[in-house]
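# based on what follows, work out the 3D shape:
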Amino acid sequence: MENVRLTAWHFPSPVPIENISKKKRPIDFTDTRWSAQLKESLLACRNGKTTNEEVFRFLAITLLMPRTKKLSLNDYWSRDVLIRTPIFGELMSRDRYLMILRMLHFSNNNVPSDGDRLHKIRPVVDPLRRAFKNTLVPFQNLCIDESLMLFKGRLFFKQYIPSKRNKFGIKIFVICDCETGYILDFIVYTGLKSDILDQNCEFGKSGDIVSTLINPYLENGHTLYVDNWYTSPALFCWLHDRATNA
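Now for the predicted structure:
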């Protein structure tokens, strides 16, 4: 199907975040992603002997780990001159980090899960998704694809995809702004009960994933890029009728 270019819309640079400037600290920008509900969930997971500062130090260490990859958790606190990264020990001791990691808990066990496979982390996932959407107004070009987050533990909806670099993991469907690479929204795939809206059209599951993620950005002249797994004439016509290229 030939692309129909919609040129009536103007896409400036992404809308700046209110009250954020070069003079602000990194935590000021982080606060724009973390809603009050998400902060409450993070702080509620601590026990009586864990301070608020420790919770945020724990989170900072966890976010830093993928940028300085090691072979094991213990290696981040190694004193070996060849592999040591002192900042981890300066922020928190290894034993303290592992204890908080073992005790981390976000859900209320007294509340029924109602079949929600993400109920253990629902207080974190939903506020994060809302914060990602509200922080940035994207450029014209958007992209939807799946990502496999490495995970080798026991989990009902863990996926095995031989073609991926990390063959075992949790599948996540992501919509990104092509200009910046910024993640606008994501869906954690948990099987039939994933957070995917049924459009009651002949899209199939892949088309429903696209329609769910692109929904807030319809009628704005965006151009969406997807691979052949998501592509169908029905989906592209549906997008075209809503002023969206594909």
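# show me the shaky parts of the protein.
The chain contains residues with pLDDT under 70 at 1-21, 31-48, 199-201.
# now the helices: where do they sit in it?
26-33, 36-44, 52-64, 86-91, 94-103, 122-135, 204-214, 233-240 (DSSP state H).
# for the last one, which positions count as buried?
In other words, helix 233-240. Buried residues in helix 233-240, counted by 16 or more other C-beta atoms under 10 Å: 235-236, 238-239. From N, CA and C alone the C-beta is placed, and that goes for glycine too.
# could you do the third one as well?
For helix 52-64, a neighbour-count test (16+ other C-beta under 10 Å) marks 54-58, 60-61 as buried.
# OK, contacts around Lys133?
Contact analysis of Lys133 by C-beta atoms under 8 Å, 6 or more residues apart in numbering lists 184-185, 216.
# now those residues in a markdown table, with neighbour count and distance to Tyr230?
As requested, the contacts of Lys133 are arranged in a markdown table below (neighbours: other C-beta atoms under 10 Å; distance: C-beta to C-beta, whole Å):
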| residue | neighbour count | distance to Tyr230 |
| --- | --- | --- |
| Leu184 | 24 | 16 |
| Asp185 | 20 | 15 |
| Pro216 | 12 | 18 |
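# of the residues you listed, which belong to strands?
Mapping the contacts of Lys133 onto strands (DSSP state E) picks out 184-185.
# count of neighbours near the closest residue to Phe236 other than its chain neighbours?
Of all residues not flanking Phe236 in the chain, Ala246 sits nearest, at 4.8 Å (C-beta to C-beta, 6 or more residues apart in numbering). Look at Ala246: counted by other C-beta atoms under 10 Å, it has 21 neighbours.
# wait, what's in contact with Ala246?
Contacts of Ala246 by C-beta under 8 Å, 6+ apart are 3, 223-226, 231, 235-236, 239-240.
# turn the buried residues of helix 233-240 into TSV, including distance to Pro162.
Listed next are the buried residues of helix 233-240 as TSV, based on distance: C-beta to C-beta, whole Å:
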residue	distance to Pro162
Leu235	27
Phe236	29
Trp238	32
Leu239	31
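# hmm, back to that, which of the contacts of Ala246 sits closest to Leu150?
Checking these against Leu150 by C-beta to C-beta gives Val226 as the nearest, at 23.8 Å.
# re earlier: now the residue nearest to Phe236: how far from Cys176?
15 Å (C-beta to C-beta, to the nearest Å).
# cool, and Asp116?
Counting by C-beta to C-beta - Asp116 and Cys176 are separated by 26 Å.
# the more surrounded of these two?
Counting neighbours by other C-beta under 10 Å for Asp116 and for Cys176 shows that Cys176 has the greater number, 21 against 13.
# I'd say that one and Ile183 touch.
Yes - shown here, Cys176 and Ile183 form a contact pair, counting by C-beta atoms under 8 Å, at 5.6 Å.
# check contacts around the most centrally placed residue in the chain.
For the chain, the residue sitting closest to the mean C-alpha position, by C-alpha atoms, centre = their mean, is Phe186 at 5.3 Å. By C-beta under 8 Å, 6+ apart, the contact set of Phe186 is 129, 132, 172-175.
# what's the most distant pair in these?
The most widely separated members of these are Phe132 and Phe173, with 13.4 Å between them, by C-beta to C-beta.
# okay, these two: which has more neighbours?
Neighbour count, other C-beta under 10 Å: between Phe132 and Phe173, Phe173 has more, with 22 against 17.
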